[in-house]
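Trainee: Based on what follows, work out the 3D shape:
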Amino acid sequence: MVKNVMSFGRSGLSDWVIQRVSAVILGIYFVGLLGYIVLTPDLGYSEWQALFSSTWMRIASLAALLALCAHAWIGMWTIATDYLNNYMVGSKGTVLRFLFQAASVLLIFIYLVWGVQILWGL
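Mentor: Numbers count the residues shown, from 1 in each chain. I've put the predicted structure just below:
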């Protein structure tokens, strides 16, 4: 019998799609950032600050941050359900998986809040 292990009602297909879309968003963001670095030979603090103070870059950075958080959560969830189960670690597998997932969610949330504060200067 197949059972749903702490996935909050999502399917494997939705996880796969979210992870692929988030990877594309991250790829586009970092290629764009790398292009800016390559095309700006005299890159100093003032150019860097001007880039990240523009609204479009803040929005792009926020999209990349959200994509990174979604990508990380699905990856951590997959690791937890694949390797932290009763078959792999014994009778404490469920407790270990829960603690690992709770710690992952907490850290991802902290990084998200911290990233928003950095981006928007809250």
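Trainee: so what secondary structure elements neighbour the lowest-mean-pLDDT helix or strand in the chain?
Mentor: When the helices and strands of the chain are scored by mean pLDDT, DSSP states H and E, helix 86-89 comes last with a mean of 81. Secondary-structure packing of helix 86-89 (3 or more C-beta pairs under 8 Å, 6 or more residues apart in numbering; DSSP states H and E): helix 93-120. C-beta: built from backbone N, CA, C; applies to glycine.
Trainee: In terms of secondary structure, what does the helix it packs on contact?
Mentor: Against helix 93-120 (3+ C-beta pairs under 8 Å, 6+ apart) you get helix 55-83, helix 86-89.
Trainee: what angle separates the host helix or strand of residue 31 from helix 55-83?
Mentor: Using DSSP states H and E, residue 31 falls within helix 12-39. On the basis of axes from the mean of the first three to the mean of the last three C-alpha atoms, to 10 degrees, helix 12-39 is oriented at 140 degrees to helix 55-83.
Trainee: Of all the residues in helix 12-39, which ones are buried?
Mentor: Buried residues in helix 12-39, counting neighbours by 16 or more other C-beta atoms under 10 Å, are found at 15, 18, 19, 22, 25, 26, 29.
Trainee: what's in contact with the next helix-or-strand element following that helix?
Mentor: As assigned by DSSP H and E, the chain's next helix or strand after helix 12-39 is helix 45-53. For helix 45-53, the external contacting residues (C-beta atoms under 8 Å, 6 or more residues apart in numbering) are 36, 40, 57, 58, 61, 119.
Trainee: Stretch 62-77 too?
Mentor: Residues contacting stretch 62-77 (C-beta under 8 Å, 6+ apart): 6-7, 15, 18-19, 21-23, 25-26, 29-30, 100-101, 104-105, 108, 111-112, 115-116, 119.
Trainee: Please repeat the previous calculation with a cut-off of 6 Å.
Mentor: Contacts to stretch 62-77, defined as C-beta atoms under 6 Å, 6 or more residues apart in numbering, come from residues 15, 18, 19, 22, 25, 26, 29, 104, 108, 112, 115, 119.
Trainee: Neighbours of residue 116, how many?
Mentor: Counted by other C-beta atoms under 10 Å, the residues lying close to residue 116 total 16.
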